[in-house]
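Student: would you be able to build a 3D model of this:
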Amino acid sequence: MQTAHAMKPATPRLPQFEALRLLAMFFIVALHTSTHGMDLFNHPPVFHLSDGVECANYFLLQAWVNICSVGVNVYVLITGYFLIRSSRFQWEKMGKVWLQTFLFSVAIPACLILTDAVGTEEWKMGYLLPLWSDVYWFVTRYVALLALAPFLSRLAAQLTRRDYLILLAVLAVLNFKFFGVPYGEIFSGNKSLFWFISLFFFGGYLRQHAPAPHRYVGWAFLGYCILLTLCLALFQWRGGKEEVQLMTGAYNSFHFFSAVMLFRWAQRWNLRDGFWSRTICRLSPFAFGVYLLHDHPLVRQLLWHCVLDLPASLGSAWLLPLCLASTLSIFIVSLFLSSFVRVDVCRKRRS
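Tutor: Take a look at the predicted model:
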């Protein structure tokens, strides 16, 4: 017997969340510009703080990474926010995600081989089974989250606000990775399914029980990112490599709070019906394709090692403008190309 909660129709998606979805994907591309384009995590650049340009590049690049690191968390928070009230199995959505992933995983290497951009030896059988071979780590976890979503939403429906808060507290202890708190590394992980499940519940709480966001939450988000940048500069100056890697590379640490702040800020965006809101709603379904296209292993190799050479600009005053221009170009081109790949698994006939 279905509960009243399970029978509630899903709330239609709003333009501000579609804009947030596009922004989150833009941030993901921007983060890859830093991580893949300059390999910041594995080989952090050495800046001479006595040089004014290099000093400015250091702080701006750290601020860039801090802001852009919210992308993955925001994307999953949106999923939890909208699916927390739906107890339906997401067969159509899972099928659409899988089919779109399969098409990109196979078509991209095929096109690159046909155009002689890469050799035939670059082909891997794992491209035929992208989830099994984990070609895209995010998609593998995301499809698993969609499979669990109806059970997670039914559990959330039975919780009072107090019990829900206790659940979130337990999830925080088991997931968060801070200085001296090792449980996030023991029970969860930066890119684990358990972390995605926790984000699902956090997003659901923002839908079910959270009060209206404060009007200054946007300023809080920007101030928090600046504070993280200053802390990173301090740890870098003191030679704390582990602290720097934690604060720049872990989704389940400090970047969770900035993601929630950005999400709450988006709730206050007032995008009235008009040209821009309709354009955003038309483009947002292709945001997922941006990730599949630009972060394919072969495209990643060509893009960051053959087309763009950002490390050569580390000492240039044009470093951040080049990063922004590169990110924007990749995002727009990927969005345009993704618009040609429309996947409808169970299209309903119009009466």
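Student: sec struct for W132, please.
Tutor: Under the three-state scheme (DSSP: H, G, I helix; E, B strand; the rest coil), W132 adopts coil.
Student: so what's the nearest residue to it once chain neighbours are set aside up against?
Tutor: Spatial nearest neighbour of W132, excluding adjacent residues (C-beta to C-beta, 6 or more residues apart in numbering): G126 at 7.3 Å. For glycine as for every other residue, the C-beta is placed from the backbone atoms N, C-alpha and C. By C-beta atoms under 8 Å, 6 or more residues apart in numbering, the contact list for G126 reads 132-133, 135.
Student: which of these tops the neighbour count?
Tutor: Compared across those, V135 has the highest neighbour count, 23 neighbours, by other C-beta atoms under 10 Å.
Student: that residue: what secondary structure?
Tutor: With three-state DSSP as the basis, V135 sits in coil.
Student: wait, doesn't it sit right on I108?
Tutor: No: the criterion here is C-beta atoms under 8 Å, and V135 misses it with I108 at 10.0 Å.
Student: what about stretch 216-233, average pLDDT?
Tutor: Averaged across stretch 216-233, pLDDT comes to 87.
Student: follow-up on the earlier one: what sits in contact with each of V135 and I108?
Tutor: H296.
Student: name the residues that touch stretch 190-200?
Tutor: Contacts for stretch 190-200 (C-beta under 8 Å, 6+ apart): 73, 76-77, 79-80, 83-84, 137-138, 141-142, 144-145, 148-149, 152, 171-172, 174-175, 177, 187-189, 249-252.
Student: got the CA positions of stretch 294-308 in PDB?
Tutor: In PDB, the C-alpha atoms belonging to stretch 294-308 read as follows (Å, rounded to 0.1, in the frame of the first residue of the first chain):
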ATOM      1  CA  HIS A 294      35.400  16.400 -22.400                       C
ATOM      2  CA  ASP A 295      36.400  13.800 -19.700                       C
ATOM      3  CA  HIS A 296      36.600  10.700 -21.900                       C
ATOM      4  CA  PRO A 297      40.100   9.300 -21.300                       C
ATOM      5  CA  LEU A 298      41.200   9.800 -24.900                       C
ATOM      6  CA  VAL A 299      39.800  13.300 -25.200                       C
ATOM      7  CA  ARG A 300      41.400  14.100 -21.800                       C
ATOM      8  CA  GLN A 301      44.800  12.900 -23.200                       C
ATOM      9  CA  LEU A 302      44.500  14.900 -26.400                       C
ATOM     10  CA  LEU A 303      42.900  18.000 -24.900                       C
ATOM     11  CA  TRP A 304      45.400  18.600 -22.000                       C
ATOM     12  CA  HIS A 305      48.600  17.300 -23.600                       C
ATOM     13  CA  CYS A 306      48.300  18.100 -27.300                       C
ATOM     14  CA  VAL A 307      45.800  21.000 -27.700                       C
ATOM     15  CA  LEU A 308      46.300  23.100 -24.600                       C
END
